[in-house]
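Participant: From the sequence below, what's the structure:
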Amino acid sequence: MSSQATAVPDSTNAAHGAVVHGATAVAHGATGKAATHAAAVHAAAVHAAAVHAAAARAAALHASQSAPSASWTTEIQNWALQWEPVIAIVFFTALILLMWRTLKVMPRIKPQRIKPASNQAVTFADIAGVDEAKAELQEIVEFLREPKAFHALGAKVPKGILLHGPPGTGKTLLAKAVANESGAQFFAQSAASFVEMFAGLGAARIRRLFAVARKHEPAIIFIDELDAVGGRRGSDISGEKDQTLNQLLVEMDGFATSGRVVVIAASNLLEKLDPALLRPGRFDRQVFVVPPDVKGRLGVLQVHTRDKPLEDIDLGLVAQQTSGLTGADLANICNEAAIFATRRGAKAIALRDFDSAIERVIAGVQSKRVLNSHEKRVVAFHEAGHALCGELLPSVDRVHRISIVPRGRALGYTLNLPAEDRYLKTREELLDYMTVLLGGRVAEQVVFGAITTGASDDLKRVADISHSMVHDFAMGTAGVGRSPDGDVRLSETTLRIRDEERQDLIEEARRAAQKLIVAHRLQLDALAHELLEHEILDREAIERIMAGVPRMERAPGVGLRVVAATPHAPPPGPAPIGLPDPSPEGGAGRL
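Facilitator: I've put the predicted structure just below:
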């Protein structure tokens with residue numbers, strides 16, 4: 001009963017609420033539309049608030065994740081801004097220390113001062129074979145010793161002397177002799193020491209050299225290998241060499257010159273020097289130092305054998321056998337001869353020691369290569385072909401020695417020694433020389449029916465000679481020789497004609513060599529067999545094999561040694577080269 005009593009009031013209350021709610025709804029019925037709009041606005045506001053809250057939570061989460069990296073970047077930027085001046089100071093300090101250290105370790109080249117009493121002192125008595133150059137330099141020595149006699153006549157000392165010529169002719173030795181004989185202060189420096197990778201350093205060294213020399217006037221400055229810094233201007237990319245050369249030009253003939261400093265320079269490449277350096281006022285004298293002649297070579301040999309014990313040796317014969325060699329070569333020969341004598345336990349140097357020394361200097365060091373029998377025969381006939389052509393042709397130097405002993409890169413060699421010094425060659429003499437060079441290759445082809453690679457050096461020399469005959473000496477039919485700028489301005493036709501003339505010259509020499517070898521096959525075989533047996537043939541053995549075989553003679557007016565000789569009838573003898581033999585039986589000794 002109690003439950004039912006309780007339920008009745010609840011239902012009553014519910015009915016009462018419904019009546020009230022209905023009454024309220026009825027009461028507000030007039031404003032229903034406005035209430036609906038307000039509810040919609042409220043719902044949109046609630047949704048926007050929810051979206052904003054979600055975005056705020058996402059942003060907070062992202063900020064919490066990126067906060068460490070942003071803080072590190074900010075700290076680094078702040079530290080860099082704070083220590084930037086200190087970092088700059090430390091960097092530039094380290095850079096200055098590095099440059100200072102680099103300059104400190106660079107070589108400080110000072111001009112070498114040579115005194116008369118030093119170990120490097122050389123006198124004019126120690127120099128031979130360059131009499132003309134000695135005479136030129138002795139005038140400078142006398143001027144520095146006794147200037148009053150020259151000043152009385154208004155003479156001035158030359159500002160510069162340029163010694164030029166092939167290597168080994170004694171240019172530096174002459175400068176040392178001037179340093180000793182003149183009594184003046186002498187400063188020597190290599191031109192290569194002026195060239196450095198740092199701009200301005202070469203010019204500074206030039207200024208320093210002349211400043212030191214002017215403090216010790218009168219003085220002599222010697223610059224060795226002048227071409228290292230004195231080359232034509234405009235070809236240096238960096239400009240350092242040009243700047244150094246400009247400084248040298250100013251020091252030699254500029255506002256600061258005093259006239260009491262003499263410059264002596266040496267160079268092997270006169271054609272590469274700048275024209276401004278060669279004009280009078282800088283190098284007033286140019287002395288060409290040439291290899292010595294027979295008399296000069298004898299003097300050089302006597303100088304270098306003064307302190308060496310000699311047997312009964314004719315140094316004049318040694319001088320005749322060394323034509324074309326320089327003073328440095330002769331000094332080396334004397335030293336090598338002493339070494340050979342020491343090796344064989346002798347008390348004095350003999351003539352055979354000089355022969356061995358000449359072989360070593362000219363042909364090279366004896367090799368230990370071993371050739372097989374076939375290669376040895378090929379080399380023997382090759383060298384015999386050279387020797388046979390050299391013995392038969394009129395203008396070629398006689399053969400002094402033949403050897404098939406390997407020396408240096410050569411498997412054998414034929415040594416021709418001139419009877420005299422000559423400085424001019426005719427077209428026919430050059431053809432004869434090419435014939436001798438091609439004689440070895442032709443002998444291989446005639447005897448073995450094949451050619452080898454042993455004639456590579458001979459072919460190179462033949463190509464050089466034929467090129468010089470056509471291009472340099474104008475011994476062809478295509479006009480004058482080389483133009484000032486090479487072959488740039490020559491036409492295609494001229495170049496083709498010159499190439500054909502070169503080939504014609506080489507072919508002419510080859511045909512002459514083949515005719516000589518075929519016509520004298522017996523002598524060729526005798527020379528080759530003697531070489532295979534003894535490996536070395538001297539002049540006596542060659543004369544014995546070639547006994548009774550006359551040398552060829554050229555026609556009158558061709559290859560004359562006297563320029564203005566009067567034509568005359570040909571003497572009786574073998575037929576001239578290139579002309580038919582008028583006698584019906586003559587033919588064996590004709591090309």
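Participant: Could you use CA atoms for every contact and neighbour count after this?
Facilitator: Noted.
Participant: okay, the residue nearest to Pro292 when sequence neighbours are not counted: pLDDT?
Facilitator: Distance criterion Cα to Cα, 6 or more residues apart in numbering; nearest residue to Pro292, sequence neighbours excluded, is Gly129 at 4.8 Å. Note on Gly129: pLDDT of 85.
Participant: so Gly129 makes contact with Gln302?
Facilitator: No: using Cα atoms under 8 Å as the test, Gly129 is too far from Gln302 to be in contact (10.8 Å).
Participant: Check whether Gly154 sits in a helix, strand or coil.
Facilitator: Three-state call for Gly154 (DSSP: H, G, I helix; E, B strand; the rest coil): coil.
Participant: How many residues are close by Glu142?
Facilitator: 15 (other Cα atoms under 10 Å).
Participant: need the contact list for Ile223.
Facilitator: Shown in contact with Ile223 (Cα atoms under 8 Å, 6 or more residues apart in numbering): 188-191, 263-266.
Participant: what do you get if the cut-off is 6 Å, keeping everything else the same?
Facilitator: Contacts for Ile223 (Cα atoms under 6 Å, 6 or more residues apart in numbering) come out as 189-191, 265.
Participant: The protein: strands as residue ranges?
Facilitator: Assigned strands in the chain, in chain order: 112-114, 160-164, 185-190, 219-224, 261-267, 285-288, 399-403, 413-416, 536-538 (criterion: DSSP state E).
Participant: quick one, which of Gly129 and Gln302 is more surrounded?
Facilitator: The residue with more neighbours, out of Gly129 and Gln302, is Gly129; 24 against 17, by other Cα under 10 Å.
Participant: is it true that the more buried one touches Pro291?
Facilitator: No: shown here, Gly129 and Pro291 do not form a contact pair, counting by Cα atoms under 6 Å, at 7.6 Å.
Participant: out of the contacts of Ile223, which are buried?
Facilitator: 189-191, 265 (16 or more other Cα atoms under 10 Å).
Participant: which one among these gets closest to Ala135?
Facilitator: Looking at the buried ones among the contacts of Ile223 and their distance to Ala135, the nearest is Ala265, at 16.5 Å (Cα to Cα).
Participant: Identify the residues contacting the closest one.
Facilitator: 162, 222-224.
Participant: Can you give me the pLDDT of the nearest residue to Phe124 once chain neighbours are set aside?
Facilitator: Of all residues not flanking Phe124 in the chain, Ala177 sits nearest, at 5.5 Å (Cα to Cα, 6+ apart). Predicted confidence (pLDDT) for Ala177: 85.
Participant: try Lys347
Facilitator: For Lys347, the model assigns a pLDDT of 90.
Participant: What's the separation between it and Lys308?
Facilitator: 10 Å (Cα to Cα, to the nearest Å).
Participant: Let me see the backbone angles for Gly449.
Facilitator: Dihedral pair for Gly449: phi 70, psi 20, per degrees, to the nearest 10.
Participant: So what's the residue count around it?
Facilitator: Counted with other Cα under 10 Å, Gly449 comes out at 9.
Participant: In contact with it, which residues are there?
Facilitator: Taking Cα under 6 Å, 6+ apart as the definition, Gly449 has no contacts.
Participant: Quick check: Phe187 vs Ile220, distance?
Facilitator: Relative to Ile220, and taking Cα to Cα, Phe187 is found at 6 Å.
Participant: Check Lys159 too.
Facilitator: Lys159 is 10 Å from Ile220, by Cα to Cα.
Participant: Show me which of these two is the more surrounded one.
Facilitator: Each of Lys159 and Ile220 has its neighbours counted (other Cα under 10 Å); Ile220 has more, 29 against 22.
Participant: What residues are bridge-paired with the more buried one?
Facilitator: Phe186, Val262 (DSSP bridges).
Participant: That one against Phe186, yeah?
Facilitator: Yes: applying Cα under 6 Å, one finds Ile220 in contact with Phe186, separated by 4.8 Å.
Participant: what's the overlap in contacts for those two?
Facilitator: Common neighbours of Ile220 and Phe186 (Cα under 6 Å, 6+ apart) do not exist.
Participant: What segments of the stretch 101-250 of the chain are helices?
Facilitator: 131-145, 147-151, 171-182, 201-215, 240-252 (DSSP state H, counting those that start in this stretch).
Participant: Kindly apply the preceding question to the stretch 351-500 of the chain instead.
Facilitator: Using DSSP H, counting those that start in this stretch, helices in the stretch 351-500 of the chain cover 351-363, 373-392, 427-448, 456-467, 492-519.
Participant: Quick one: distance of the third one to the chain centre.
Facilitator: Going back to what we said before, that points to helix 427-448. Helix 427-448 sits 32 Å away from the centroid of its parent chain (Cα atoms, centre = their mean, to the nearest Å).
Participant: angle of it against helix 373-392?
Facilitator: 150 degrees (axes from the mean of the first three to the mean of the last three Cα atoms, to 10 degrees).
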